[in-house]
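Participant: The following block contains a protein sequence and its predicted model.
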Protein chains: 2
Amino acid sequence: MIVPEQNLRLLAGDLLAHHGVPPEAAALQASVLVEAELRGLPSHGLQRLPRLLARLGTGLAHPAAMGRQEWRRPGLLTVDGERGLGPVVMMAALDALLARVAETGIAMAAIRNANHIGMLAYYAEQAVDRGLAGIVMCTSEALVHPFGGTRAMLGTNPIAIGIPTGTDPFVLDLATSQVSMGRIHSHALLGEPLEDGWAVAADGHPTTDAEAAKSGALAPFGGAKGYGLGLAVELLVALLAGSDLAPEVRGTLDDTHVANKGDILLLIDPRGGAADRCGLSEYLHALRTSRPADPERPVAIPGDGMRARRAAALRDGVDVPDALMDQLNRVRAVVA
Amino acid sequence: MIVPEQNLRLLAGDLLAHHGVPPEAAALQASVLVEAELRGLPSHGLQRLPRLLARLGTGLAHPAAMGRQEWRRPGLLTVDGERGLGPVVMMAALDALLARVAETGIAMAAIRNANHIGMLAYYAEQAVDRGLAGIVMCTSEALVHPFGGTRAMLGTNPIAIGIPTGTDPFVLDLATSQVSMGRIHSHALLGEPLEDGWAVAADGHPTTDAEAAKSGALAPFGGAKGYGLGLAVELLVALLAGSDLAPEVRGTLDDTHVANKGDILLLIDPRGGAADRCGLSEYLHALRTSRPADPERPVAIPGDGMRARRAAALRDGVDVPDALMDQLNRVRAVVA
């Protein structure tokens, strides 16, 4: 059903508040989920809310923790998330970094023991809104096989990069898997075949059967290169955050384990340099208007699609599956 | 012909010295070229030396410049390379960063106006040798078309990431193009067809004709995601280094223009945290011994192939094309 964005924020915030989350934190967590819906990324949207509420109920998520921050070095912040909500711990780290980056020009936070932070683009955009470049990475449960391998040994290990320009910012947000496990599940639900090269079955053979792929592994994107990048994220996050490696990671897809993946946030202040942001905007314009492969589909810049979908959803409302809305409304009826 | 590595170093160092390069700088520039040969990366090896010598002759490369360094902010070093040799300017920046990163835990250099820095893995390895994580990026002439586009509008924009572990380091070094332009030229020389998806011709249509691709554009690796990463490198380097954007970049493939691309070096000190390097090594071992897709080809870790090729070439010598050795020996005969 089509639901106005504001109603979704109120509903999510209300449910979180009824599970003990303070108002400001509830609004932030609700915002991160709803912003994913607005951008057409339901896998990082409200479908994650029931699991999060269950985790709050069992203590796997702490409703008010903002993370214990320690400046290990003047430019490196280490955070024990204390089981806090991912967006709450991330935004507290961002605030701490902002004060430091104004001074040093560059600063990084490495976070362990926080719950799922949601869509990475959210934090890259927060950086860009403050005139900074932002790079965000995180790890996840083992879902991706190595290039030339067949076992799920790496997380989907997404990377987001936000860069301010003279006009619309550049906002890239990609998983280092070819597709998300959410997409495999959605194909399985619809009984649709997968495309070649998306996944292998549990026996290690390539498959286009979505059901078989659910117990198999996702391919890395871009062959050996994408595998290399995903593995770099895996190692860098674990090294700096002290979080666990994919085969041991739990807690972002279940309501029975502590979340032991890691997150990294890097901020860089481009001010005071030779930076020519208008030059960046002119270049992006030249890219958008360069000769496309398909005359009907102009060249796009990362962030364009998200912005367009968000604007449409703000205007027209968000299409949320009936079953999910029913589930959320039932929970509200119980707790209210 | 097969040439011992030491002979190549001496020959390259000798030629550079005869073009006015001080001994230490000549040895460094020679080392970066020969290390690429040892790793089986001839596109970044000695074939670049004649052009470099020509650039030294015309003043497009300055034989002794180490770059004018300015700490724009305590963690951000800006370098005007003053037309210096790429490796010389990069290593001077690395030295400056090392002193700072020991204090702050993180520091970045953004460099413009230096000549070609060669294989990025070289600098990532320098970081790892000092117990640091190192990330290197640079831009280049426009050779790559945007995803969904047909014009060469982006550089090949490589990324290297070095991460220390308890055993062999992780060293990733990849261009964000599907293949290098060097590979297209080598296929053209041999009259071999390209694989589907590598390149488009000047008219914008996909081609497997290597000659046609030479005047066309390379595909980004990994579709929209690889394009997004290449574009992120393009924008981030230009923003921080104040270097030019791909359509305006010249000077790494010619001997007529100043090199106006940019380079970035980021160092992070993982010491003093919860880092478990032995855990990383155990994980990499588990990856290497995980079930491969092809029983004959075990899963590899970025850096493995380079190390194996280097060890073999140190033992057996380097296979350098006769024509290139003849060319270099002729130059030496003239200058000696």
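Facilitator: The structure has been received and is ready for your questions.
Participant: Next SSE downstream of the helix or strand residue A:136 falls within?
Facilitator: In this structure, residue A:136 sits in strand A:133-138 according to DSSP states H and E. Using DSSP H and E, the helix or strand that follows strand A:133-138 in sequence is strand A:159-163.
Participant: rewinding a little: got a list of contacts for the strand holding residue A:136?
Facilitator: A:117, A:120, A:123-128, A:155, A:157-164, A:233, A:236-237, A:261-270, B:236, B:239-240 (CB atoms under 8 Å, 6 or more residues apart in numbering or on different chains). All C-beta spots, glycine's among them, are computed from the backbone N, C-alpha and C.
Participant: mind checking the backbone torsions on residue A:285?
Facilitator: Here is the backbone geometry of residue A:285 (degrees, to the nearest 10): phi -60, psi -40.
Participant: Burial check on it, number of neighbours?
Facilitator: As a burial measure, residue A:285 scores 14 neighbours (other CB atoms under 10 Å in any protein chain shown).
Participant: cool, the one 5 residues further on as well?
Facilitator: Residues near residue A:290, counting by other CB under 10 Å, number 19.
Participant: Filter the contacts of strand A:133-138 down to the ones in helices?
Facilitator: Counting by DSSP state H, the contacts of strand A:133-138 place A:123-128, A:233, A:236-237, B:236, B:239-240 in helices.
Participant: and those as a markdown table, adding distance to residue A:204 and pLDDT?
Facilitator: What follows is the ones in helices among the contacts of strand A:133-138, written out as a markdown table (distance: CB to CB, whole Å; pLDDT from 0 to 100):
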| residue | distance to residue A:204 | pLDDT |
| --- | --- | --- |
| A:123 | 36 | 98 |
| A:124 | 35 | 98 |
| A:125 | 39 | 97 |
| A:126 | 41 | 98 |
| A:127 | 40 | 98 |
| A:128 | 41 | 97 |
| A:233 | 24 | 98 |
| A:236 | 28 | 97 |
| A:237 | 27 | 97 |
| B:236 | 38 | 97 |
| B:239 | 43 | 96 |
| B:240 | 43 | 96 |
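Participant: And the residues you listed, which two are furthest apart?
Facilitator: Farthest apart among these by CB to CB are A:237 and B:239. That separation is 24.5 Å.
Participant: ok, of the ones in helices among the contacts of strand A:133-138, which one's closest to residue B:6?
Facilitator: Minimum distance to residue B:6 across the ones in helices among the contacts of strand A:133-138 is 35.4 Å, recorded for residue A:236 (CB to CB).
Participant: interface residues of the stretch 51-200 of chain A facing chain B?
Facilitator: Within reach of chain B by CB under 8 Å from any CB of the partner chain, the stretch 51-200 of chain A has these residues: A:72-76, A:78, A:103-108, A:110, A:112, A:133, A:146-151, A:153, A:159, A:161, A:163-165, A:170, A:172, A:174, A:200.
Participant: List buried residues within those residues.
Facilitator: Neighbour-count burial (16 or more other CB atoms under 10 Å in any protein chain shown) applied to those gives A:72-76, A:78, A:104-108, A:110, A:112, A:133, A:146-151, A:153, A:159, A:161, A:163-165, A:170, A:172, A:174, A:200.
Participant: Would you mind identifying the helix or strand in chain A with the lowest mean pLDDT?
Facilitator: In chain A, the helix or strand scored least confidently by mean pLDDT, DSSP states H and E is helix A:181-190, which has a mean of 86.
Participant: Buried residues, that one. List them.
Facilitator: Within helix A:181-190, the residues scored as buried using 16+ other CB under 10 Å are A:181, A:183-184, A:187-188.
Participant: on contacts alone, who are the packing partners of it?
Facilitator: If you count contacts as 3 or more CB pairs under 8 Å, 6 or more residues apart in numbering or on different chains; DSSP states H and E, helix A:181-190 packs onto helix A:210-214.
Participant: right, and the helix or strand after the helix it packs on?
Facilitator: The first helix or strand that comes after helix A:210-214 along the chain, using DSSP H and E, is strand A:217-218.
Participant: can you give me how far that following strand is from the chain middle?
Facilitator: Put simply, strand A:217-218 sits 19 Å off its chain's centre (CA atoms, centre = their mean, to the nearest Å).
Participant: pLDDT at the residue most central in space within chain A, what is it?
Facilitator: Of all residues in chain A, the one closest to the mean position by CA atoms, centre = their mean is residue A:119, 2.6 Å from it. Note on residue A:119: pLDDT of 96.
Participant: isn't it right next to residue A:39, touching?
Facilitator: Yes: using CB atoms under 8 Å, residue A:119 is in contact with residue A:39, at 7.1 Å.
Participant: how about the helix or strand harbouring residue A:15 as PDB, C-alpha atoms only?
Facilitator: Element membership for residue A:15, per DSSP H and E: helix A:5-18. C-alpha atoms of helix A:5-18 as PDB (Å, rounded to 0.1, in the frame of the first residue of the first chain):
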ATOM      1  CA  GLU A   5       6.600   9.200   4.300                       C
ATOM      2  CA  GLN A   6       5.700  11.100   7.500                       C
ATOM      3  CA  ASN A   7       3.300   8.300   8.600                       C
ATOM      4  CA  LEU A   8       6.100   5.800   8.300                       C
ATOM      5  CA  ARG A   9       8.500   7.900  10.300                       C
ATOM      6  CA  LEU A  10       5.800   8.300  13.100                       C
ATOM      7  CA  LEU A  11       5.000   4.600  13.100                       C
ATOM      8  CA  ALA A  12       8.600   3.500  13.200                       C
ATOM      9  CA  GLY A  13       9.500   6.100  15.800                       C
ATOM     10  CA  ASP A  14       6.500   5.100  17.900                       C
ATOM     11  CA  LEU A  15       7.400   1.400  17.900                       C
ATOM     12  CA  LEU A  16      11.000   2.100  18.800                       C
ATOM     13  CA  ALA A  17       9.900   4.500  21.600                       C
ATOM     14  CA  HIS A  18       7.600   1.700  23.000                       C
END
